[in-house]
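S.K.: here you go, sequence then predicted model.
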Amino acid sequence: MRYVIIGNSASGIAAIEAIRECDKQGRITVISDESYFNYSRPLISYLLGKKINREALPYRSKEFYKQNRIDLLLNKKATGLDLRNKDVLIGKERIKFDKLLIAVGGTPFIPKIKNSNINGVFTFTKLADAERIEKYVKANKAKQAVAIGGGLIGLKATEGLVELGIKVTIVELADRILSSTFDKKASGIIEHALEKIGCKLITSNTVEKFTNSQSHKVTAVILKDKKEIKCDLVIVAIGVRPNIELVRNMPIETNKGIIVDNSMQTNIKDIYAAGDCCELKDKNELIAIWPVAVRQGKIAGYNMAGIKKEYSGGLVMNSVELCGIPTISVGQTNPKGNGFKILEYFNKEKSIYKKIVLQNGRIVGVILVGDIERAGIYTGLIKDRVNAESFKECLLREDFGLISLPSDYRKHLVQEVSVII
Amino acid sequence: MKKPNRILIREEYCMGCRICEVHCVVQHSKSKDIIKVYKGEGAKPLPRVIVEEKGHISFALQCRHCEDAPCLEACITGAMYKDKKTGAVLCDEEKCVGCWMCIMVCPFGVILRDVSGKKVASKCDLCIGEEIPACVKNCPNGAIVCQENK
């Protein structure tokens, strides 16, 4: 059996592990267009802010590829697929596959901004981005930056730049930062903390144009309201879209992402997709987060190796610490419409905010800011669709724990499942 | 002696004395000396066993070392790993950056933030190297017991 995996991040590596669990003999080739043997993408903001060094970046050790007997092709970009002959094309080179996994992740979305083809304008999703930014900051003694987009990537980049002593202005189209996962109060806490460390926030606004120096370096951004913000570099972090470039104009079905069924197979037999590049059929689920990418990669790997496993859908969630404040958001945090009950605890002085969203007695969403202890219990209740009506008074208590749950469910949790190690 | 590989919680025997917590703290301290740890060694390590109590019900809870552990999938650094020999789920604190993804997904809520030094996820390691985990060994009531893997 010849397995080919395009992509060497969360999904690709999880697939390797799953395949090797069931098939010790098959040949596995991994193709990556990056030069680094593997690294954890979310860590690039830690690297930029010098919180970790390069040695801490690998997600799996170098021996991992040896131990699993992987043919690792670095710096090679898959340019096309020959479906009839089952070949992956790398320029003129061809690599045969029996089973293929496309795990190429997402691509940062770059909006149309006038004069964007100048130096000092970066995206921030890959190690090479972090390296380029670091170099540019040093070479140009950058003092001020603009981050376009107040989502996770924009804010993590901001944090990294602040650590380097750079003043950052965040420009966000919505009326607040983190608008897709947080509500107003939660956003407010982080906004306040960002301002405290010297960041400037501009909301309900957008960048229309860049201005540059004679040496083609960015010198300022011009906002929609014609206001000018001087800067030495810009991070564009509007969002990430599934990377479907490879399968464009091919019989492989796509919508926003590459469409897969619950075995992670595309509409073409033996071709699978997982992670940020794929979209779940019918549900149109598209959740670009690490745990989902790993899960999907694993499921794809098992199925490619002939072990039937189903992906049962994921949950939108994220954990991110910003300005030293830990935050977690899970599920529907900002529900629209009727039928939702909200439980809240807010301590402004301590920057602690907790919100539980209930629907028909079940928890469907959680936001935790400042105090995230035991957060996973809520996530478990959401996943297991447990009716929380009988213990909802306990949900926001300081001593909330498994003991607050109905005893039969608690016993099922601690004594029945997965205790054997 | 075979390493015990299953910790069972028997809440009907737990009286919430928190002796397990004390011994967990000592086991994960520098000196492993109970007096020194509590009287002068400086900051105590976090207990990795959580004692929950409400009315007459109480139990001690530590990582279940799940077979299909959600924390393993959520870990962005690869710090969380499954020990091949024992099957224990362990956190390589060197590698951990304190992103708290594991805390977000652990349905038992048994991973804690340790922010005393470098931010790391703190969890039960089954007292690596010990024959029996300290909490089990020191529970006076048999409310947490080891069972060998069948």
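M.R.: Right, received. Where do you want to start? Numbering: from 1, shown residues only, chains lettered A, B, ... in the order given.
S.K.: quick test: name the residue nearest the centre of chain B.
M.R.: B:Cys124 (2.1 Å; C-alpha atoms, centre = their mean).
S.K.: give me the three-state assignment for that residue.
M.R.: Under the three-state scheme (DSSP: H, G, I helix; E, B strand; the rest coil), B:Cys124 adopts coil.
S.K.: residues in contact with it?
M.R.: B:24, B:48-49, B:62-63, B:65, B:110, B:133 (C-beta atoms under 8 Å, 6 or more residues apart in numbering or on different chains). All C-beta atoms are positioned from the backbone trio N, CA, C, and that covers glycine.
S.K.: Three-state assignment for the residue nearest to B:Lys30 when sequence neighbours are not counted, please.
M.R.: With sequence-adjacent residues excluded and distances taken as C-beta to C-beta, 6 or more residues apart in numbering or on different chains, B:Lys30 is closest to B:Glu41, at 6.3 Å. Of the three states, B:Glu41 takes coil according to three-state DSSP.
S.K.: gap between B:Glu41 and A:Leu72?
M.R.: From B:Glu41 across to A:Leu72, the span is 47 Å (C-beta to C-beta, to the nearest Å).
S.K.: could you do A:Gly257 as well?
M.R.: 25 Å.
S.K.: list the contacts for A:Arg362?
M.R.: A:381-382, A:385-388.
S.K.: residues near A:Glu21, how many?
M.R.: 13 (other C-beta atoms under 10 Å in any protein chain shown).
S.K.: and it, what are its phi and psi?
M.R.: Per-residue torsions, A:Glu21: phi -60, psi -30 (degrees, to the nearest 10).
S.K.: A:Asn75 touches A:Ser35, doesn't it?
M.R.: Yes. With contacts defined as C-beta atoms under 8 Å, A:Asn75 counts as touching A:Ser35 at a distance of 5.1 Å.
S.K.: my guess is B:Cys99 meets A:Leu322, correct?
M.R.: No. Between B:Cys99 and A:Leu322 there is no contact, the gap being 11.4 Å when judged by C-beta under 8 Å.
S.K.: so for the two, which residue has more residues nearby?
M.R.: B:Cys99 (25 against 20).
S.K.: contacts only, for the closest residue in space to that one that isn't next to it in sequence.
M.R.: Among residues not flanking B:Cys99 along the chain, B:Ile76 sits closest, at 5.6 Å (C-beta to C-beta, 6+ apart). Residues in contact with B:Ile76 (C-beta under 8 Å, 6+ apart) are A:40, A:42-43, A:59, A:290, B:97, B:99, B:101.
S.K.: closest one of these to A:Lys135?
M.R.: Closest approach between those and A:Lys135, by C-beta to C-beta: A:Leu43, at 18.1 Å.
S.K.: does the closest one count as helix, strand or coil?
M.R.: helix.
S.K.: quick check: nearest residue in space to it, chain neighbours excluded?
M.R.: Using C-beta to C-beta, 6+ apart, the closest residue to A:Leu43 is A:Leu57 (5.6 Å).
S.K.: just B:Met104 next, same as before
M.R.: A:Ser319 is the one closest to B:Met104 (C-beta to C-beta, 6+ apart), at 4.3 Å.
S.K.: residues near that neighbour, how many?
M.R.: A:Ser319 has 25 nearby residues by other C-beta under 10 Å.
S.K.: strand partners (parallel or antiparallel) of the helix or strand containing it?
M.R.: Using DSSP states H and E, A:Ser319 sits in strand A:317-322. Sheet partners assigned to strand A:317-322 using DSSP bridges are listed as strand A:325-331 (antiparallel).
S.K.: from chain B, how far out is the residue positioned nearest the centre of chain A?
M.R.: The centroid of chain A falls nearest to A:Ile289 when counting by C-alpha atoms, centre = their mean (3.8 Å). Separation of A:Ile289 from chain B (C-beta to the nearest C-beta, to the nearest Å): 9 Å.
S.K.: can you check A:Gly7 too?
M.R.: Distance of A:Gly7 to chain B, computed by C-beta to the nearest C-beta: 16 Å.
S.K.: quick one: pLDDT of A:Glu416?
M.R.: A:Glu416 is assigned a pLDDT of 52 by the prediction.
S.K.: revised request: answer the last question for B:Asn149.
M.R.: pLDDT, read off for B:Asn149, is 58.
S.K.: now B:Lys2
M.R.: Confidence for B:Lys2, expressed as pLDDT, is 46.
S.K.: and for A:Lys141, the neighbour number?
M.R.: Neighbour number of A:Lys141 under other C-beta under 10 Å is 7.
S.K.: ok, for it, nearest residue in space, not its chain neighbours?
M.R.: A:Asp232 (7.9 Å).
S.K.: can you report how many residues neighbour the residue nearest to A:Leu43?
M.R.: When neighbours are counted by other C-beta under 10 Å, A:Leu57 registers 20.
S.K.: gap between it and A:Ile44?
M.R.: A:Leu57 is 8 Å from A:Ile44, by C-beta to C-beta.
S.K.: between those two, which contacts overlap?
M.R.: A:Leu127.
S.K.: any stretches of the chain with poor pLDDT?
M.R.: You didn't say which chain, so I picked chain A. Applying pLDDT under 70 to chain A flags residues A:415-421.
S.K.: my question was about chain B, not that one.
M.R.: Low-confidence segments of chain B (pLDDT under 70): B:1-5, B:148-150.
S.K.: show me the strands in the stretch 51-200 of chain A, by range?
M.R.: With DSSP state E, counting those that start in this stretch applied, the stretch 51-200 of chain A shows strands at A:70-73, A:80-82, A:87-90, A:93-96, A:99-102, A:106-108, A:121-122, A:144-148, A:167-171, A:200-202, listed in chain order.
S.K.: of all these, which one is nearest A:Cys278?
M.R.: Among these, strand A:99-102 sits nearest to A:Cys278 (C-beta to C-beta), with 7.7 Å.
S.K.: that closest one pairs with which strands?
M.R.: By DSSP bridges, strand A:99-102 pairs with strand A:2-6 (parallel), strand A:271-273 (parallel).
S.K.: dump those strands into TSV; add mean neighbour count as well.
M.R.: Shown next, in TSV, are these (neighbours: other C-beta atoms under 10 Å in any protein chain shown):
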stretch	mean neighbour count
strand A:2-6	25
strand A:271-273	28
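S.K.: near chain B, which residues of the stretch 51-200 of chain A are found?
M.R.: A:51-52, A:56, A:58-60 (C-beta under 8 Å from any C-beta of the partner chain).
S.K.: pull the distance from stretch B:28-47 to the chain's centre.
M.R.: 16 Å (C-alpha atoms, centre = their mean, to the nearest Å).
S.K.: can you tell me the distance between the two ends of it?
M.R.: Chord length of stretch B:28-47, first to last residue, is 8 Å (C-alpha to C-alpha, to the nearest Å).
S.K.: can you point out the buried residues in it?
M.R.: Going by neighbour count (16 or more other C-beta atoms under 10 Å in any protein chain shown), the buried part of stretch B:28-47 is B:28-29, B:37, B:45-47.
S.K.: ok, those residues vs A:Tyr353, which is closest?
M.R.: Distances from A:Tyr353 to these, taken by C-beta to C-beta, are shortest for B:Leu46, at 23.8 Å.
S.K.: ranges for the helices of the chain?
M.R.: Unless you meant another one, I'm taking chain A. A:10-22, A:44-48, A:63-67, A:127-140, A:152-163, A:184-196, A:290-304, A:375-383, A:407-411 (DSSP state H).
S.K.: ah, I was thinking of chain B
M.R.: So, for chain B - with DSSP H - the helices run B:19-27, B:34-38, B:70-74, B:101-105, B:134-138.
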